[in-house]
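Engineer: Show me how the following folds:
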Amino acid sequence: MKKALSDPPICTNNLIAMQDTLYVLGGKWKLLILHYLMYREVEINTFKKIERDITGISAKMLSKELKDLEINKLVQRTIQDTKPITVRYSITAYGKTTKEIIDNLVDWGKKHRLEILKNHE
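Structural biologist: Residues are numbered from 1 along each chain as shown. Take a look at the predicted model:
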């Protein structure tokens, strides 16, 4: 990131931190996947189940996003020795640290939807 000459150091540091956050959590699907896994901890979350339940995500995109989330230690992939082999996905303790971010986005999204609908009446 190129630093503007007039930027106070705190602003530059915050922008870098925000870029890091968006790099890990950005995109259309990652936060949805984390939300899904966070609120379905007691379920067995297989690839097909996640793909079926998150409307609109393709198998290719889900695979990519799960790999990214696993690399960043937010999601754990567990292979179970069954016949056929079962692969289970779960949120990690570190992944649960995104709960406040996700809850804030959900709250803001609800308020935003009401604001937009209010202006279209």
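Engineer: what sits against the spatially most central residue of the chain?
Structural biologist: By Cα atoms, centre = their mean, the chain has its centre lying nearest to residue 31, at 2.1 Å. Under the criterion of Cβ atoms under 8 Å, 6 or more residues apart in numbering, the neighbours of residue 31 are 25, 98, 101, 102, 105. Every C-beta, even on glycine, is put in place using the N, C-alpha and C of the backbone.
Engineer: in stretch 93-101, what counts as buried?
Structural biologist: For stretch 93-101, burial by neighbour count (16 or more other Cβ atoms under 10 Å) applies to 95, 98.
Engineer: Check stretch 75-86 too.
Structural biologist: 75, 76.
Engineer: if I look at residue 23, how far off is residue 30?
Structural biologist: 10 Å (Cβ to Cβ, to the nearest Å).
Engineer: between these two, who's got more neighbours?
Structural biologist: More crowded of residue 23 and residue 30, by other Cβ atoms under 10 Å: residue 30, with 20 against 11.
Engineer: measure residue 31 to residue 60 for me?
Structural biologist: 19 Å.
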